[in-house]
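In: here are the coordinates; sequence isn't available:
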């Protein structure tokens, strides 16, 4: 059992769209990510996903609208809802989702990560 | 699906030791709480619990040591580990735990809440 300092963890990596696992509980993973640019359209068939913004502004496109998340805001995307995150400038965020979740969802893509690095 | 602004939610209540549910995903609840003073010794037999500090300094006593959490830090307390949070000054925090979790764990106490308010 160890205190996890988010800023310290955020200092350990710089790559974009490559979430790092910083903790696990009840079958869920807590991840940190730095993102910039456009991600791909995807959904998670069986898993809800939480985004919490630590720095910057994240747009999330849905098929019927776009939501904008600022620092200190969160969004829970229910399973099966297609979405595409877009970060015009770099965004730092925390994710909560089942340990099994792939960040490209049902879509196989060059950005797909099969096992997330733990930091 | 709605953007959740943590500061806005934190402005909706002032009572201590009375977590409010701000979201649910994958059978887990995201809660906000304001705490001050000493809580009771308790554990959660089957549920891990995450504390993330939004403001202030939270001490958490365990039977064999005490950990101190500052703003921007988190701790995951594994199921079955007895603990007692202590906030000398007011602390604002986010909790992540199964929807079924009672904050007094296996202990029945005047602080026990049977159903957490959603805000």
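Out: Yes, it's here. Note that the structure is predicted; figures quoted are calculated from it, not measured.
In: contacts, neighbours, all on C-alpha from now
Out: Fine.
In: am I right that residue A:7 sits in a helix?
Out: Yes. The assignment for residue A:7 is a helix, going by DSSP: H, G, I helix; E, B strand; the rest coil.
In: isn't it up against residue B:72?
Out: Yes. Here residue A:7 reaches residue B:72: they are 7.3 Å apart, a contact under CA atoms under 8 Å.
In: correct me, but residue A:95 touches residue A:51?
Out: Yes. Residue A:95 is within contact range of residue A:51, at 4.9 Å (criterion: CA under 8 Å).
In: pLDDT weak spots in chain A?
Out: In the predicted model of chain A, residues A:106, A:114 satisfy pLDDT under 70.
In: before we move on, what SS does the residue minimising distance to the centre of it have?
Out: In chain A, the C-alpha nearest the mean C-alpha coordinate belongs to residue A:95, at 4.6 Å (CA atoms, centre = their mean). Under three-state DSSP, residue A:95 falls in the strand class.
In: how near is it to residue B:11?
Out: From residue A:95 across to residue B:11, the span is 24 Å (CA to CA, to the nearest Å).
In: go on, residue A:98?
Out: 30 Å.
In: element containing the closest residue in space to residue A:118 that isn't next to it in sequence, please.
Out: Spatial nearest neighbour of residue A:118, excluding adjacent residues (CA to CA, 6 or more residues apart in numbering or on different chains): residue A:21 at 4.5 Å. For residue A:21, the element it lies in under DSSP states H and E is strand A:20-25.
In: so what does that strand touch, helix or strand wise?
Out: Counting contacts by 3 or more CA pairs under 8 Å, 6 or more residues apart in numbering or on different chains; DSSP states H and E, strand A:20-25 is packed against strand A:28-38, strand B:73-77.
In: after the longest one comes which helix or strand?
Out: Just to be clear, that refers to strand A:28-38. strand A:49-55.
In: any residue of that next one touching chain B?
Out: Yes. Strand A:49-55 lies within reach of chain B by CA under 8 Å from any CA of the partner chain, at A:49, A:50.
In: what angle do that strand and strand B:28-38 make?
Out: 50 degrees (axes from the mean of the first three to the mean of the last three CA atoms, to 10 degrees).
In: what angle do strand A:49-55 and strand B:20-25 make?
Out: Going by the same axes, to 10 degrees, strand A:49-55 makes 120 degrees with strand B:20-25.
In: strands paired with strand A:49-55, and their directions?
Out: strand A:73-77 (antiparallel), strand A:83-98 (antiparallel) (DSSP bridges).
In: picking that back up, wait, which of the helices and strands packed on strand A:20-25 is closest to residue A:118?
Out: Closest to residue A:118 of these, according to CA to CA: strand A:28-38, at 8.7 Å.
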